[in-house]
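>>> okay, structure incoming, though there's no sequence with it:
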């Protein structure tokens, strides 16, 4: 069980004169930046009452600035970008100049687990309150745009009536717990982490003891041998393994994360049985709360603490101060056999029925489509759907007789079950359309790139990931993609400032995870992007050795071949 959270009035350690990194466990409770101050002034969870009783009745202009750009995130709300502001002004304008009077609202979907009833409600809310928007994220959530604060209480009421919420979907909190979308039904599953996820949610989510973290805390649990939750880039991850003596359990990873200072998570070498996962999770998040750096936002993620401590000290603190017992040493996960980890296609379940995974375009769907997916699933005998960490979706529990009909219905909605590698492997963040941090457009650019590549190299049949991000913050995981594209402004051949991308090549997840390679000065304008990607992929086809993956080829290719 984790230690009791520190109270500024009764620190357990002697306060030193040096304020250090703002670590509570060292007695440093004085806020060292504006974010820490507003969190100390009032718990972010408390803003819900003000939204319901004041802001939704008096409108956008009544919202306190610290609530607007701070605490409202604890309930999944960010102001969206005002239309018409180009990327060159992103880092220049003041927040109030960038803010539109509408919100992005993120629906928290732990493990990507949805009933068709829940999916239908998500779709209906999209149509009624969000101008049809409903993007699937790479953390299994759904994001709305164009939300008015006046409508938020009714949206919450509808979501909560079917067991959904937006609690701590954003903010310095324990964010959504991503999980294997085929947990409990996959024929090759090592262990089902669903009970542990439910216990963590019960203990942690919405609990004031964990609602003031140094920054966001990202989590993943999967017992799939496909390693299907991007565990390498989460603050904490539990990865299914079989212990030679104790049987199925989880390998514990900590300290992963991307953004502008990417780190691959590290194993602590500990095997955790299913019924102890929640205890270990609570211990790790408590370490982050108590020892995490609160002075600089740029160093406030768990990955920086782990880098300074090392895995041996981190495990020792976890065992000695929080769990009060030793963890069992355990094995690393096996290298996954499958080339794709997204569960797209038709696959048999452990009960003889089938699940059907399909690929929207770069996670972009809409409310009407989501309600139609719910209708299709129910018409084919299913009451359960899932979202994935690759911006895909899955319908569960389909009988063999119903599979072909369901596939045809999905294809009619442009939700292909047999996508090209480009449709299957291209991911994009929100981009400048709505995001205040973005510099360039992403979603439409990704969709256009898919079409162009399918037309130009239809014979290409290798797994390939193309991740497009609108700014340096890596929401679309550019550093771990085969081809990662980081949005920026650049000059074209005519000397005009245009949208473009810095190119990262050869990144990967899996047991050979890495951040790939940046070729010095390699940038491409948005208009030139299809030409560039086509050129590099054709060179890969010409030069690759038998069975060689794109990321492996990149490590040995010449700069000329990559440019």
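Great, that's in hand. Please read all numbers here as calculations on a predicted model, not as lab measurements. Numbering: from 1, shown residues only.
>>> for the stretch 1-150 of the chain, which spans come out with low pLDDT?
1-19 (pLDDT under 70).
>>> quick one: the strands in it, in order.
Using DSSP state E, counting those that start in this stretch, the strands assigned to the stretch 1-150 of the chain run over residues 77-81, 99-107, 113-115, 135-136, 142-147.
>>> dump those to JSON lines, plus distance to residue 159.
All C-beta atoms are positioned from the backbone trio N, CA, C, and that covers glycine. Rendered in JSON lines, the data for the strands of the stretch 1-150 of the chain read as follows (distance: least, CB to CB, whole Å):
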{"stretch": "strand 77-81", "distance to residue 159": "13"}
{"stretch": "strand 99-107", "distance to residue 159": "7"}
{"stretch": "strand 113-115", "distance to residue 159": "12"}
{"stretch": "strand 135-136", "distance to residue 159": "16"}
{"stretch": "strand 142-147", "distance to residue 159": "10"}
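>>> let's have those in a markdown table, adding mean neighbour count and distance to residue 413.
Converted to a markdown table, the strands of the stretch 1-150 of the chain look like this (neighbours: other CB atoms under 10 Å; distance: least, CB to CB, whole Å):
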| stretch | mean neighbour count | distance to residue 413 |
| --- | --- | --- |
| strand 77-81 | 24 | 26 |
| strand 99-107 | 22 | 21 |
| strand 113-115 | 23 | 17 |
| strand 135-136 | 24 | 14 |
| strand 142-147 | 24 | 17 |
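>>> point to the residue nearest the middle of the protein.
residue 139 (3.1 Å; CA atoms, centre = their mean).
>>> and that one, how far from residue 363?
Residue 139 sits 11 Å away from residue 363, going by CB to CB, to the nearest Å.
>>> ok, residue 144 next?
Separation of residue 144 from residue 363 (CB to CB) stands at 13 Å.
>>> for residue 317, see how far away residue 286 is.
Residue 286 sits 10 Å away from residue 317, going by CB to CB.
>>> so where is the protein shaky, pLDDT-wise?
1-19, 511.
>>> how much space between residue 62 and residue 53?
Going from residue 62 to residue 53 by CB to CB gives 11 Å.
>>> those two: which has the busier surroundings?
Neighbour tally, residue 62 and residue 53, criterion other CB atoms under 10 Å: the higher count belongs to residue 62, 14 against 11.
>>> burial measure for the closest residue to the more buried one other than its chain neighbours, as a count.
In this structure, residue 62 finds its nearest non-sequential neighbour in residue 55, 5.6 Å apart by CB to CB, 6 or more residues apart in numbering. A count of nearby residues for residue 55, using other CB under 10 Å, gives 22.
>>> burial measure for residue 332, as a count.
Here the number of neighbours of residue 332 (other CB under 10 Å) works out to 12.
>>> just residue 302 next, same as before
Neighbours of residue 302 (other CB under 10 Å): 30.
>>> what ranges does the stretch 301-450 of the chain have for its strands?
So, for the stretch 301-450 of the chain - with DSSP E, counting those that start in this stretch - the strands run 328-329, 345-348, 354-358, 384-387, 393-398, 426-428.
>>> what's in contact with the helix or strand hosting residue 280?
Taking DSSP states H and E as the criterion, residue 280 maps to helix 277-291. Outside helix 277-291, the residues that touch it by CB atoms under 8 Å, 6 or more residues apart in numbering are 1-3, 5-6, 23-26, 174, 193, 196, 199-200, 203-204, 210, 212-214, 217, 219, 221, 235-236, 238, 250, 252, 254, 270, 272, 302, 305, 314, 317-318, 321-323, 327.
>>> just the buried ones from the residues you listed?
Neighbour-count burial within these applies to 2-3, 6, 23-26, 174, 193, 196, 199-200, 203-204, 210, 212-214, 217, 219, 221, 235-236, 238, 250, 252, 254, 270, 272, 302, 305, 314, 317-318, 321-323, 327; the criterion is 16 or more other CB atoms under 10 Å.
>>> list the beta-bridge partners for the closest residue to residue 426 other than its chain neighbours.
Leaving out its chain neighbours, the residue that sits closest to residue 426 by CB to CB, 6+ apart is residue 466, at 4.5 Å. In this entry, residue 466 is beta-bridged to residue 426, residue 483, by DSSP bridges.
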